[in-house]
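Trainee: Dropping a prediction and its sequence here:
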Amino acid sequence: PYPLYAELRKTPVVWAEDGSYVVSTYREIVALLHDPRLSSDRRNFPEYDADAPTQASEEGPAGLPPPFIQTDPPDHDRARRLLTWNFGPPHRPGRIDSMIPDMFGIVTGEIDDFAGKDDVAGKDRSGTTRVDIVDDFAYPFPVTVICRLLGVPRDDEPRFQAMSDAVIKAVDPTTGGITERQRRRDKANADLGQYFAELLDARRGQPGDDLLSGLLSGDGAEAAMPYEQVLSNAALLLVAGHETTVNLITNGMLTLLRHPEVLDRLRRGDEPDLAARVVEELLRYEPPVQFLANSRNTLDDIEVGGTTIPKGSPVTLVLAAGSRDPDFVHDPDRFDPDREHNEHLGFGGGIHYCFGAPLARPETQIALTELACRLRNPRLLADPPPYRASPSLRGPRHLLVEIDG
Ligand code: HEM
């Protein structure tokens, strides 16, 4: 039950050795998520070096504008509006809704690949099969979905994955100082931008029915997004679109296997909103994004939780500690998909509230429901499983499960 978070919550605002302020209580996190004096635009950060241009490793688009997650209003709002228009609910239900049958098709195909056939590797004479929920399922599924949404060839995965890994490493606070990590993040984003420049170049003059084509054309309704912004935001969407969902699906399957009564209810299928409740509770109980490390800086002195955070300070918001704050959540260390109120912080809050939530929710609901219904008698082979290195993006590296048949 995360004893470190309980310890941190005793002091809502803690000054950390790297000079950042760490905030762990629900009320204070929510206040800061909605406070315009807390900037996400790294050009406002004291350590930002405007003379150090962002270079891709080879010739290509250098100095890309920051992706919209790293900007403030009005730039942020303008970019988010354009993306929202092209993405889905509430303005344009079409794109996500039309992907739901696709999602079912991808999920059932993947599960049949490892669970349904007689000749799979790992199947032994005793009639049982070993599967890795991460490599065989939870990773490839959201990758396929985000590729289809953006219009990225699925076969390019080995190429963009190394760059995506580099972004994830750069947001992991255990891998170096704030400035050095920001440099590495810029570099990885620039490399991804270069990848997208080549992709768009190759299909110039043949726009498809995908998000990137829609952004570039303005989709007939809104202004088009400037080309360089499309590159940096495409990189953001590609990374954010799968590195988090893989962990929600895997954390979900692990939690369900530890709570077999909920797995049984999901398998029976007679509670129409159960999958949605399970996913919301997972976002509270085992969220993939545990904290937002140094992604915000104070533009002014901000008083919060009895402490004044001075102007120009990096701030870390421990979302997962807030979602388990006993002052705001009843019995927070219990996994309870039936709870009445679930105002979790799993998708953040305020103007940067997760843009991909309308996609991640159905993806995870479909994935967990189909796993519950199609895997015969699943058993965990290692509990706890090995975890990924990053403490901020938390999820198992492998989740080995044995099934019958
Ligand atoms: C923002 C979590 C899936 C795209 C965020 C934030 C969180 C989050 C906590 C807030 C970041 C901040 O305030 O700095 C998650 C989780 C997911 C998920 C737990 C899956 C279970 C996705 C998907 C996409 C996506 C599938 C894309 C299709 C984004 C973007 C932002 C964002 C673009 C920035 C929004 C903005 O700055 O206005 N996400 N996310 N996310 N997410 Fe997600």
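Mentor: Right, received. Where do you want to start? Numbering: from 1, shown residues only.
Trainee: tell me the SS of the residue in the stretch 201-350 of the chain that the ligand sits nearest to?
Mentor: For the stretch 201-350 of the chain, the residue closest to the ligand is Gly348, as judged by C-beta to the nearest ligand atom, at 3.0 Å. From N, CA and C alone the C-beta is placed, and that goes for glycine too. Three-state assignment for Gly348 (DSSP: H, G, I helix; E, B strand; the rest coil): coil.
Trainee: what residues are up against it?
Mentor: Leu33, Val289, Leu292, Leu319, Cys354 (C-beta atoms under 8 Å, 6 or more residues apart in numbering).
Trainee: hmm, 6 Å instead?
Mentor: Cys354 (C-beta atoms under 6 Å, 6 or more residues apart in numbering).
Trainee: And it, what's its pLDDT?
Mentor: Note for Gly348: predicted pLDDT of 98.
Trainee: Val329 versus that one, what's the distance?
Mentor: With the distance defined as C-beta to C-beta, to the nearest Å, Gly348 ends up 17 Å from Val329.
Trainee: which parts of this protein sit against the ligand?
Mentor: Within the chain, the positions adjacent to the ligand are 40, 68-69, 80, 146, 236-237, 240-241, 244-245, 248, 287-289, 292, 295, 346-348, 352, 354-356, 359-360 by C-beta under 6 Å from any ligand atom.
Trainee: Just those: which are in helices?
Mentor: Judged by DSSP state H, these include Arg80, Ile146, Leu236, Leu237, Ala240, Gly241, Thr245, Leu248, Leu359, Ala360 as members of helices.
Trainee: What part of the chain, helix or strand, is modelled with the least confidence?
Mentor: helix 94-97 (a mean of 78; mean pLDDT, DSSP states H and E).
Trainee: Just the buried ones from the residues of the chain next to the ligand?
Mentor: 40, 68-69, 80, 146, 236-237, 240-241, 244-245, 248, 287-289, 292, 295, 346-348, 352, 354-356, 359-360 (16 or more other C-beta atoms under 10 Å).
Trainee: Read off the pLDDT value for Glu58.
Mentor: Here the pLDDT value assigned to Glu58 is 39.
Trainee: Then Gly127?
Mentor: Listed pLDDT for Gly127 reads 82.
Trainee: And for it, the neighbour number?
Mentor: 10 (other C-beta atoms under 10 Å).
Trainee: quick one on the thing from earlier: buried stuff in the least confident helix or strand of the chain?
Mentor: The neighbour-count check on helix 94-97 (16+ other C-beta under 10 Å) flags Arg95, Ile96 as buried.
Trainee: OK, now which residue of this protein is nearest to the ligand?
Mentor: Residue of the chain nearest the ligand, by C-beta to the nearest ligand atom: Gly356 (2.0 Å).
Trainee: quick one: that residue from Thr244, how far?
Mentor: Counting by C-beta to C-beta, the gap from Gly356 to Thr244 is 8 Å.
Trainee: repeat for Arg394
Mentor: 10 Å.
Trainee: same thing with Pro67?
Mentor: Using C-beta to C-beta, Pro67 is found at 15 Å from Thr244.
Trainee: Which residue ranges of this protein form strands?
Mentor: Listed in chain order, the strands of the chain (DSSP state E) span residues 13-15, 21-23, 38-39, 128-132, 292-298, 302-304, 307-309, 314-317, 379-380, 400-404.
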